[in-house]
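J.: Provided below are the primary sequence and the corresponding predicted coordinates.
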Number of protein chains: 2
Amino acid sequence: MKGAHRVLAFAAANRCRFVEELRAFIRFPSVSAQPAHASDLKRCATWLADHLSKIGLQRINVIPTKGHPLVYGEWMGRRARPTVLIYGHYDVQPAEPLGEWRASPFEPIVRGDDIYGRGAADDKGQLFAHVKAIECFLRTAGELPVNVRCLFEGEEESGSTNFDPFLRRHRKALAADVALMSDMAILGPDRPAITYSMRGALSLELEVRGLRSDLHSGNFGGAVRNPLQVLCEILTSLHGADGRIRVPGFYDRVRECSLRERGYMRRYGPSDSEVLQNAGAECGWGERGFSLYERMTIRPSLTLNGIVGGYQGEGGKAVIPAHATGKLNFRLVPDQDPHEIEALFREYIVRITPPGIRSEVRGTSYAKPALVPRDHPAIRAAAVAYRLGFGAEPVFLRVGGSLPVVNSFQEILGIATVLMGFALPDDRLHGPNEKFHLPNFFNGIATSIFFLREMGKISLPRSGERACACERPEALAR
Amino acid sequence: MKGAHRVLAFAAANRCRFVEELRAFIRFPSVSAQPAHASDLKRCATWLADHLSKIGLQRINVIPTKGHPLVYGEWMGRRARPTVLIYGHYDVQPAEPLGEWRASPFEPIVRGDDIYGRGAADDKGQLFAHVKAIECFLRTAGELPVNVRCLFEGEEESGSTNFDPFLRRHRKALAADVALMSDMAILGPDRPAITYSMRGALSLELEVRGLRSDLHSGNFGGAVRNPLQVLCEILTSLHGADGRIRVPGFYDRVRECSLRERGYMRRYGPSDSEVLQNAGAECGWGERGFSLYERMTIRPSLTLNGIVGGYQGEGGKAVIPAHATGKLNFRLVPDQDPHEIEALFREYIVRITPPGIRSEVRGTSYAKPALVPRDHPAIRAAAVAYRLGFGAEPVFLRVGGSLPVVNSFQEILGIATVLMGFALPDDRLHGPNEKFHLPNFFNGIATSIFFLREMGKISLPRSGERACACERPEALAR
């Protein structure tokens, strides 16, 4: 490709401006789970759309949904070349607990080599690396090596409720050969990684009720069941002493990993001590017979995310709360199905709920586990891009998180997704003091530039076959 | 006594005004546990002091403390008669959860025979019955049959931190023969009760920490200990399947009740089905071998009042919280000591905290169990007063709640306390939609009038002996 170094030189020359633009992007408190922030999401979407327009993308659109809007922009000037659908999300996790942030979560600051703020890494910073790569091409070469459709979502952190229906309605207009997204961590600043496996997810709320209203714990303590205590007992009985989940049938469909793959994971994946260091934990925990990395990736898990029950204000309150709710998050592996697991969970809860107590299970989000074939030509392009962008050979990685969107692209658009992370394991995604490592931002931009260039070298089959490209990876082969 | 019927007639004629004044009293959101309400407590104290002044009490004083002020007023015109120290508290429990109130907690309304509002029964309504009884005497007879000191506290619902130091500093100025307080429930509108036994209390916070900061439950779920889950496990392991508390040594000092007293309790106390109806619970729970009434009174208990841990906002958040806190409330019986129990609890928590997790126990309030001798002359006066005021013979009652102030009066002032409740078991003290039954308010005023009259019939020993009256109840005998 002509002028690759000009594209990279433009990126290098504009780093400061790029960081300032990223700060402006992070400044929007686009918390999709909190209705109070709806207008902030709208403002953020508009800002992002304007930005795509400024850098030269076309058919810019802020697309309303029943929830928060999608942002779209494209550049389709390369008829004979593949089309890359770049996906990201501009919404962020709630910033709570606010008291634990060293600086305000939506007033991003740069300290050392890092930029701090909610969404810095998840996913504004990573998404923005691709936007900046596109800008570098269009401002220097005046064109891209491939066709690009940018599709940025505003509901990823709150279940992507309206995303699949949108994909289904616009299957044809979104036709592409492969999807690209950066919403995950690599192993270290010089250890890039291509994620090829993600766990599925199932989020549930479990509510227990047992009293007409709150009672005084002095007057009634010791004589009636305490719904909050019952909730704790139920939550405790979800795991055995061996770290396994006790919901009957839960492991029935868990696909065992080959010894060969477990060997690769042992050699190239994070060691137990690396996992603990990244987690900020003193010691590991979980299912016996598996490394921590394996427990996080090839084994399912169940996490208690929060409890809402009883008095949570300052000081004390002598109360027996009438009801209490636990928020739970399963992570699933092939071939577990979130709806099937939900049914098993419901059955188990009914069985272990004590007399006089009513329990209710509410499913709030569902995602199947996902696997991308490692020999897909776009995965090979990503490996080249990482080698050039980060100066290191990428590791093939399984991750514990879930990306429902990868399933959606597979099932609705029929395309595989390249998962090219730029975040670091200690970026504290979803936690207080989330950050993004700026050298990764810059290397990410370069990697995206190289990826688009590599993808441009792939010649397309006849256009009629595009829709099934994913099922036959050879269709994308050089 | 001259003119007893005039006093009662005045009370009957002024009922509407008394209710309106009580509404004004309830309207102050005097929530002592919440610092934001400090000025409301001050306003409420000033209002109450003004009111005491208006009805004719003397030496009115709003006494500042390190926390919320005390309100004092006295009438000491009967040298040869006993002095009654009337205690109550004008502070109230937090009103949360606000969403469960049918009307605003601090905009009291009268519906049917009840007045609804936070503090209506606990303790503004009950305290006010005595204030109104005093007014009835002073407005009609122009004098009281006994000496009276009114001492109303503003920190009862938040640990009474500054009350004991105040009593110690003013031991002599507060000299009295007996204390009187109304801060508890009777068995029903026509089943008055004299409380002679209260459980002690120990409130604790248990915090567990295990991570540097919150983690993503997708990325790390299944590989690290979840502090919130550990908290649930610890809380669950505090009770055995037999309903007993598993802290080693916990029952060592529990005094067994005589069979005779248990027989009295069975005959006159609330039945299991009455307890369940009052609690709004479908079935009972607790220590085997004891009735529900016994579990609430002669047996100790441990209640989980609240959990602060993880995500508690709307929707979900895939997080492993770095720390979590449980709020716990023990109720203790003779001869358990709250500080000794705290030490046993700390030892047990250290023992059951798993590796990699740090736990911390913070004691927040302490009260010893209290017993008042049933043959005390002031208790006998209370029985006569109830018979005349409610038209029914009172039952002698043990209650599950704690009144640290009863210990304080015993230990610091050397006097016993008469516990003359006017609230009903379904008044929802501490819960949403707290109410006070107006017929009980009116009967309470009459009962207070009769009590003061009966106390006036008791002649005093020589004044020098007053300080030890409590230790020799015969000193107060007629």
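T.: Great, that's in hand.

J.: list the buried ones in the strand or helix carrying A:Arg262?
T.: A:Arg262 belongs to helix A:259-268 when assigned by DSSP states H and E. If you call a residue buried by 16 or more other Cβ atoms under 10 Å in any protein chain shown, then helix A:259-268 has these buried ones: A:Arg262, A:Met265, A:Tyr268. Every C-beta, even on glycine, is put in place using the N, C-alpha and C of the backbone.

J.: can you redo those as a markdown table with distance to B:Glu294 and pLDDT?
T.: Listed next are those as a markdown table, based on distance: Cβ to Cβ, whole Å; pLDDT from 0 to 100:
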| residue | distance to B:Glu294 | pLDDT |
| --- | --- | --- |
| A:Arg262 | 58 | 96 |
| A:Met265 | 59 | 94 |
| A:Tyr268 | 64 | 90 |
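
J.: Return the member of the residues you listed nearest to chain B.
T.: Here the nearest of the buried residues of helix A:259-268 to chain B, counting by Cβ to the nearest Cβ, is A:Met265; it sits at 13.2 Å.

J.: Assign a three-state SS to the closest residue to the closest one other than its chain neighbours, would you?
T.: With sequence-adjacent residues excluded and distances taken as Cβ to Cβ, 6 or more residues apart in numbering or on different chains, A:Met265 is closest to A:Tyr293, at 6.1 Å. Here A:Tyr293 is recorded as helix under DSSP: H, G, I helix; E, B strand; the rest coil.

J.: A:Tyr293 reaches A:Tyr268, doesn't it?
T.: No: look at A:Tyr293 against A:Tyr268 with Cβ atoms under 8 Å: they stay out of range, at 9.9 Å.

J.: Got the domain ranges for chain A?
T.: Following automatic domain parsing, one finds the domains of chain A at A:4-198+A:369-476, A:200-273+A:296-366.

J.: among those domains, which gets the worst mean confidence?
T.: Looking over the domains of chain A, mean pLDDT reaches its minimum on domain A:4-198+A:369-476, with a mean of 92.

J.: re the thing from before, including distance to B:Arg362, could the domains of chain A go into CSV?
T.: Below are those laid out as CSV (distance: least, Cβ to Cβ, whole Å):
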stretch, distance to B:Arg362
domain A:4-198+A:369-476, 18
domain A:200-273+A:296-366, 10
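
J.: Any idea which of the ones you listed gets closest to B:His68?
T.: domain A:200-273+A:296-366 (12.7 Å; Cβ to Cβ).

J.: Kindly check the end-to-end length of that closest one for me.
T.: In domain A:200-273+A:296-366, first residue to last residue: 8 Å (Cα to Cα, to the nearest Å).

J.: before we move on, what about stretch A:238-247?
T.: End-to-end distance of stretch A:238-247 (Cα to Cα): 7 Å.

J.: Go through it and flag the buried ones.
T.: Applying 16+ other Cβ under 10 Å to stretch A:238-247 flags A:Leu238, A:His239, A:Gly243, A:Arg244, A:Ile245, A:Val247 as buried.

J.: Could you verify my assumption that the first one touches A:Phe250?
T.: No: the pair formed by A:Leu238 and A:Phe250 falls short of the contact definition of Cβ under 8 Å, at 9.7 Å.

J.: Show me the common contact partners of these two, please.
T.: Contact with both A:Leu238 and A:Phe250 is made by no residue, according to Cβ atoms under 8 Å, 6 or more residues apart in numbering or on different chains.

J.: which residue ranges form the helices in chain A?
T.: Taking DSSP state H as the criterion, chain A contains helices spanning A:4-13, A:15-26, A:38-55, A:126-140, A:163-169, A:217-220, A:227-236, A:259-268, A:272-279, A:292-297, A:338-352, A:377-390, A:404-408, A:438-456.

J.: Please identify the deepest-packed of the ones you listed.
T.: Stretch with highest mean neighbour count among the helices of chain A: helix A:217-220 (a mean of 28; mean count of other Cβ atoms under 10 Å in any protein chain shown).

J.: And that helix, what does it pack against?
T.: strand A:319-320, strand B:301-310, strand B:323-332 (3 or more Cβ pairs under 8 Å, 6 or more residues apart in numbering or on different chains; DSSP states H and E).
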